[in-house]
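Novice: Have a look at this prediction, sequence included:
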Amino acid sequence: MTEIAGDPPGKPISASRTTLSHIMTANDTNLLGTVHGGVIMKLVDDAAGAVAGRHSGGPAVTASMDEMAFLAPVRVGDLVHVKAQCNWTGRTSMEIGVRVLAERWNESTPATQVGSAYLVFAAVDAEGKPRTVPPVLPETEQDERRFQEAQIRRTHRLARRQAIIALREERAAQGFEA
């Protein structure tokens, strides 16, 4: 990745990678007795926000969350690890990839993946206006693959947004309510 004069210097992915761990309690459960998906989503957003702030060097806000996948239920007593890293950067935005793992708090069995998500964060200044972020610098082949996949997801997000806008304009032109 080449840097343009005036842009902030790039940062390696490892500089902002983080893990958030939390033991799930009865306060975290849904009506089925497993951990509520919203609790997991908050942990995902918290970890991703920490990565976005670290990578951008300041405040960043959640712009979108997509592809949140719940792969297995989380139970009371599970120790949940939320691992997050910056996969891709644009001028003012960042895609943060998150993996959610769970293990029993009192057992020595390996943690298993129970969820994953991709979030887009926008870096903002003190007035809430977008600010430039440093380019992310992939360090491994896996980082490079994640960077390329993130570019594909971004292309799909933008195309989906444009298709929806076009459809709404077309329906409005036909006299349908927006």
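Specialist: In hand now; what should we look at? Residues are numbered from 1 along each chain as shown.

Novice: Show me the residue sitting in the middle of this structure in space.
Specialist: Within the chain, the residue whose C-alpha comes closest to the C-alpha centroid is Leu119; the distance, by CA atoms, centre = their mean, is 2.7 Å.

Novice: what's the helix or strand for it?
Specialist: Leu119 is located in strand 112-123, with elements delineated by DSSP states H and E.

Novice: Tell me which helix or strand comes right after that strand.
Specialist: strand 136-137.

Novice: List the buried residues of the helix or strand just after that next one.
Specialist: Tracing the chain past strand 136-137, the next element assigned as helix or strand by DSSP H and E is helix 141-173. Buried residues in helix 141-173, counted by 16 or more other CB atoms under 10 Å: Asp143, Arg146, Phe147, Ala150, Arg153, Arg154, Arg157. Using the backbone N, CA and C atoms, a C-beta is placed for each residue, glycine as well.

Novice: Go through those and name the one nearest Ala15.
Specialist: Closest to Ala15 out of the buried residues of helix 141-173 is Asp143 (12.0 Å), distances taken as CB to CB.

Novice: Identify the residue nearest the closest one in space, chain neighbours excluded?
Specialist: Taking CB to CB, 6 or more residues apart in numbering as the measure, Asp143 lies nearest to Ile13, with 5.1 Å between them; neighbours along the chain are not counted.

Novice: pLDDT score for that neighbour?
Specialist: The score at Ile13 is 97. That number is its pLDDT.

Novice: Please report how far it lies from Trp88.
Specialist: Distance of Ile13 to Trp88, given as CB to CB, to the nearest Å: 10 Å.

Novice: still on that earlier bit, list the contacts of the residue nearest to Asp143.
Specialist: Remark: with contacts taken as CB atoms under 8 Å, 6 or more residues apart in numbering, Ile13 is in contact with Gln85, Cys86, Asn87, Val136, Leu137, Pro138, Glu139, Asp143.

Novice: where does this protein dip in pLDDT?
Specialist: Across the chain, the ranges flagged by pLDDT under 70 are 1-6, 178.
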